Structure formats: structure tokens, C-alpha cells
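**Q** What follows is a protein structure lacking sequence information:
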């Protein structure tokens with residue numbers, strides 16, 4: 001496994017890494033009302049999360065986002081590892097989009113006006129998969 005990101009992998013890693021780092025930092029000291037909102041949205045899509053305290057959930061989400069952002073921003077973290085982590089996180093976001101009522105237009109996956117803010121997260125899935133596929137192809141060709 002290659003340990004240094006290749007030059008063409010740096011731009012998407014920096015863009016997404018900075019995005020996640022900022023998102024995590026902004027949630028880290030969330031007040032009770034903000035935590036309730038973040039948790040409530042997650043619970044609508046993933047009911048089992050209802051058992052988790054909203055403040056704890058938001059803090060763990062914040063730390064997870066910061067860790068993912070740091071991994072993407074650190075070029076010595078293998079792109080396969082960073083890409084796999086991003087793919088998993090993005091998969092959860094896409095699940096949130098698909099499972100939350102009102103996010104999609106009736107009878108399909110196209111976003112409603114309410115869902116457009118979340119549907120755009122498909123780019124995260126694309127970047128994560130791109131990093132994983134790039135590493136897998138490189139390993140097979142080498």
C-alpha cells in the first residue's frame with residue numbers, strides 16, 4: 001500500500017478534508033438546541049440512534065468529522081484508507097438523504113427542494129470511491 005498521496009489526489013483530499021474539519025469544528029461545542037436538531041435529523045433516518053443522547057451524538061459526530069478531515073489533509077495517510085473512510089461516511093449521508101421523508105421527489109431519488117442541500121453530498125461518495133479505485137487500480141497495475 002502506498003503511503004504518500006499522489007499529486008493528483010491532493011486537490012480533492014484538501015477540498016474535502018477542509019470541509020470536514022470545518023464542519024466538525026463548528027459542531028464541537030454545539031448547544032443543546034443545535035444538538036437536538038442534528039440528532040433529530042439523524043434519528044429520522046436511523047431510528048436506532050434515538051437511544052443516544054443528542055449532545056453525545058453531536059460530539060461524536062463532530063470528532064468523527066474532524067478525524068476524517070485530518071486524515072484527508074495528511075498526505076501520509078494512505079489514500080486507500082482515507083478514501084475508504086470517506087466512502088463509508090458519505091454512504092451514511094446518502095442513506096440519510098434517501099431515508100428521510102420529503103428529501104426526494106415522489107417515486108424516485110431526485111431531490112426535492114428540501115433534499116437538495118443533502119443530495120449534493122453524492123460528490124463526497126464520488127471522491128471517496130475515486131480515491132479507493134485509484135489506489136486499487138494502481139496496485140493491480142504495479
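**A** Right, received. Where do you want to start? Source: prediction; values computed, not measured.
**Q** Please enumerate the helices of this protein.
**A** If DSSP state H is used as the criterion, the helices of the chain fall at 10-28, 32-45, 54-73, 79-99, 116-119, 122-141.
**Q** Which one of those helices lies nearest to residue 108?
**A** helix 79-99 (10.6 Å; C-beta to C-beta). All C-beta spots, glycine's among them, are computed from the backbone N, C-alpha and C.
**Q** Could you pull out the buried residues of that closest one?
**A** Neighbour counts using 16 or more other C-beta atoms under 10 Å place 79-80, 82-87, 89-90, 93-94, 96-97 of helix 79-99 among the buried residues.
**Q** and it, what other elements does it pack with?
**A** Identification of packing neighbours for helix 79-99 by 3 or more C-beta pairs under 8 Å, 6 or more residues apart in numbering; DSSP states H and E yields helix 10-28, helix 32-45, helix 54-73, helix 116-119, helix 122-141.
**Q** hey, which of those helices is tucked in deepest?
**A** When you average the neighbours per residue for each of the helices and strands packed on helix 79-99 (mean count of other C-beta atoms under 10 Å), helix 54-73 leads with a mean of 19.
**Q** Just want the angle from it to helix 32-45.
**A** Here helix 54-73 runs at 80 degrees with respect to helix 32-45, directions being taken by axes from the mean of the first three to the mean of the last three C-alpha atoms, to 10 degrees.
**Q** Give me the local confidence score for the residue nearest to residue 66 when sequence neighbours are not counted.
**A** Closest residue to residue 66 apart from its sequence neighbours, by C-beta to C-beta, 6 or more residues apart in numbering: residue 24 at 3.5 Å. Among the per-residue scores, residue 24 holds a pLDDT of 98.
**Q** Packing partners of the worst-scoring helix or strand of the chain on mean pLDDT?
**A** The helix or strand of the chain with the lowest confidence, counting by mean pLDDT, DSSP states H and E, is helix 116-119 at a mean of 88. Helices and strands touching helix 116-119, by 3+ C-beta pairs under 8 Å, 6+ apart, are helix 79-99.
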